[in-house]
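Student: Here is my input; please provide its structure:
(2 chains)
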Protein chains: 2
Amino acid sequence: MTQEEALRLLDQHRDAIDQIDLAILERLNARAAVVEKIGAIKKEMQFPIYEPKREDAVFRNVIGGNGGPLSEAAVRRLFERIIDEMRTLQRERMEKENQS
Amino acid sequence: MTQEEALRLLDQHRDAIDQIDLAILERLNARAAVVEKIGAIKKEMQFPIYEPKREDAVFRNVIGGNGGPLSEAAVRRLFERIIDEMRTLQRERMEKENQS
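Tutor: Numbers count the residues shown, from 1 in each chain, chains lettered A, B, ... in the order given. Reported below is the predicted structural model:
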């Protein structure tokens, strides 16, 4: 492979990653929107917000569905961050609502 | 809303999240596969592995493409984790290759 070919290939792969990232972002936001709907129902019904069993189910779903190359540990850490950010978003919303 | 209606709705939303999570996972793995291709090219060409400018471009892409509800800070933290896991995967592969 010449230097030029390598650079062109790298550019193509980076474009592919940028497209994948936007698709991931779109789904992360879609997930956040569903989490907000769940939060609103729980609030209205005065159901408990935090449900550890449901979190276990979320991890089981993604670990069971993982075909790699990401490791199981990596998938777990990634979804821990995702769940954590959804929780942060809900907390920020609630704080805003309580202020108004 | 009755308790029964609320529970049914929560179930539906959770099914939606499980589907979204599998779609996110699929794309995370697709991203990892492209990162591995990039790593292989860089190794062959002896290009530098770490390129801070490229990381900036990754953040610009997703922050520019963010329509919410996730905040810019949340998107940044999520993609920091994603980039970090891709780096871990590449490091693990290299260690394995060096051992064999």
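Student: Go ahead and report the secondary structure state at A:Gly68.
Tutor: coil (DSSP: H, G, I helix; E, B strand; the rest coil).
Student: need the contact list for the residue nearest to it when sequence neighbours are not counted.
Tutor: Nearest residue to A:Gly68 in three dimensions, chain neighbours excluded: B:Asn29, at 6.3 Å (CB to CB, 6 or more residues apart in numbering or on different chains). Where you see a C-beta, it was placed from the backbone N, CA and C, and this is true even at glycine. Contacts here follow CB atoms under 8 Å, 6 or more residues apart in numbering or on different chains; on that basis B:Asn29 touches A:Asn66, A:Gly67, A:Gly68, A:Pro69, A:Leu70.
Student: Make a ChimeraX selection of the buried ones in the residues you listed.
Tutor: Burial among the contacts of B:Asn29 is assessed by 16 or more other CB atoms under 10 Å in any protein chain shown; the matching ChimeraX selection reads:
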select /A:66,69,70
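Student: of the contacts of B:Asn29, closest to B:Ile41?
Tutor: Nearest to B:Ile41 among the contacts of B:Asn29: A:Pro69, at 16.3 Å, using CB to CB.
Student: OK, contacts around the closest one?
Tutor: B:Asn29, B:Ala32, B:Ala33, B:Glu36, B:Leu89.
Student: Does the residue nearest the centre of chain A lie in a helix or a strand, and which?
Tutor: The C-alpha lying nearest the average C-alpha coordinate of chain A belongs to A:Ile82 (CA atoms, centre = their mean; 3.9 Å). Assessed by DSSP states H and E, A:Ile82 sits inside helix A:72-99.
Student: now A:Leu9
Tutor: Short version, using DSSP H and E: A:Leu9 is in helix A:3-45.
Student: Mind putting the contacts of B:Asn29 into TSV with pLDDT?
Tutor: Listed next are the contacts of B:Asn29 as TSV, based on pLDDT from 0 to 100:
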residue	pLDDT
A:Asn66	98
A:Gly67	96
A:Gly68	96
A:Pro69	96
A:Leu70	97
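Student: Looking at the contacts of B:Asn29, spot the one nearest A:Glu4.
Tutor: A:Pro69 (28.2 Å).
Student: how close does the closest one sit to B:Glu36?
Tutor: Distance, A:Pro69 to B:Glu36, by CB to CB, to the nearest Å: 6 Å.
Student: which residues do those two both contact?
Tutor: In contact with both A:Pro69 and B:Glu36: B:Leu89, using CB under 8 Å, 6+ apart.
Student: Let's have the contacts of A:Pro69 in JSON lines, adding pLDDT and distance to B:Asn98.
Tutor: As requested, those are exported to JSON lines (pLDDT from 0 to 100; distance: CB to CB, whole Å):
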{"residue": "B:Asn29", "pLDDT": "98", "distance to B:Asn98": "24"}
{"residue": "B:Ala32", "pLDDT": "98", "distance to B:Asn98": "20"}
{"residue": "B:Ala33", "pLDDT": "98", "distance to B:Asn98": "21"}
{"residue": "B:Glu36", "pLDDT": "95", "distance to B:Asn98": "16"}
{"residue": "B:Leu89", "pLDDT": "93", "distance to B:Asn98": "15"}
